[in-house]
Structure formats: C-alpha cells, structure tokens
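**Student:** Give the three-dimensional model of this entry:
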Amino acid sequence: MDKLATQRCQPIARGAPALDQADISPLLLQLPHWTVAGDHTSLRREFRFRDFYATMAFVNALAWIAHQQDHHPDLQVGYNRCLVTWSTHTVSGLSLNDFICAARTDTLEANS
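**Tutor:** Presented below is the predicted three-dimensional model:
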C-alpha cells in the first residue's frame with residue numbers, strides 16, 4: 001500500500017483503455033480491504049466510525065485528498081459509515097488512479 005499511496009494521480013486521455021484483470025489483480029493484493037465491483041469498473045470499501053462526527057471528519061479529509069489528486073470518488077454517507085467507490089469515468093472502468101486514491105484513503109483511515 002505504501003508504494004501506491006506515495007504516487008500521484010496522472011491525467012488520463014479520453015479513449016485510454018481501462019485496466020484489465022491482469023493489471024487489477026496485483027494492485028488489488030496491495031489493498032486487501034477493497035473489492036472490485038461492477039464488472040471490474042469500480043473499487044469499493046465501506047468504512048465504519050464511532051459516530052457521525054468521526055464519519056464527517058473522514059469525509060472532509062477524503063475530499064481534500066480527492067481535490068489534491070484531481071480524482072473524485074462516489075460516496076454514500078450514513079451516521080457511522082461511508083461507502084467509498086473509486087472509478088475512472090474517462091476509461092469507463094478502473095485506472096491506476098483509482099488504486100492510488102484507495103491506498104491514500106487507507107492511509108487516511110490508518111492515521112485517524
């Protein structure tokens with residue numbers, strides 16, 4: 001995870017291919033709490049917190065990461081949980097940027 005978390009997202013040209021299963025498998029090994037969903041088009045993880053304040057603190061910190069990386073997740077937020085979904089709309093699937101941001105999200109959780 002550390003290697004992914006230290007990388008920066010890169011712009012992706014329209015029409016670039018999404019990662020295939022051979023590319024996804026080794027990256028996913030570095031992110032054991034994440035699952036690939038939607039026919040290999042998204043990367044998901046649910047985070048649990050003690051209360052609403054902790055959940056919102058996480059969401060706000062994640063918003064800062066997304067802004068810095070110029071790569072933005074879909075979020076489903078509840079009282080003590082947040083479902084984070086990364087995908088790259090430009091490629092209609094997964095890109096390295098999704099794995100970088102998932103690793104950065106894990107780092108955020110580990111430091112909270």
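**Student:** buried stuff in stretch 39-52?
**Tutor:** Going by neighbour count (16 or more other Cβ atoms under 10 Å), the buried part of stretch 39-52 is 40-45, 47, 49. In short, each C-beta sits where N, CA and C put it, glycine included.
**Student:** Using a markdown table, please lay out these together with distance to residue 94 and pLDDT.
**Tutor:** Compiled in a markdown table, the buried residues of stretch 39-52 are given as follows (distance: Cβ to Cβ, whole Å; pLDDT from 0 to 100):
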| residue | distance to residue 94 | pLDDT |
| --- | --- | --- |
| 40 | 6 | 88 |
| 41 | 7 | 94 |
| 42 | 7 | 97 |
| 43 | 6 | 98 |
| 44 | 11 | 98 |
| 45 | 14 | 98 |
| 47 | 20 | 97 |
| 49 | 26 | 96 |
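**Student:** Just those residues: which are in strands?
**Tutor:** 42-45, 47 (DSSP state E).
**Student:** I'd like to know which of the residues you listed is nearest to residue 84.
**Tutor:** residue 45 (5.5 Å; Cβ to Cβ).
**Student:** how close does the nearest residue to the closest one once chain neighbours are set aside get to residue 94?
**Tutor:** For residue 45, ignoring the flanking residues on the chain, the nearest one in space by Cβ to Cβ, 6 or more residues apart in numbering is residue 34 at 4.7 Å. Residue 34 sits at a distance of 11 Å from residue 94 (criterion: Cβ to Cβ, to the nearest Å).
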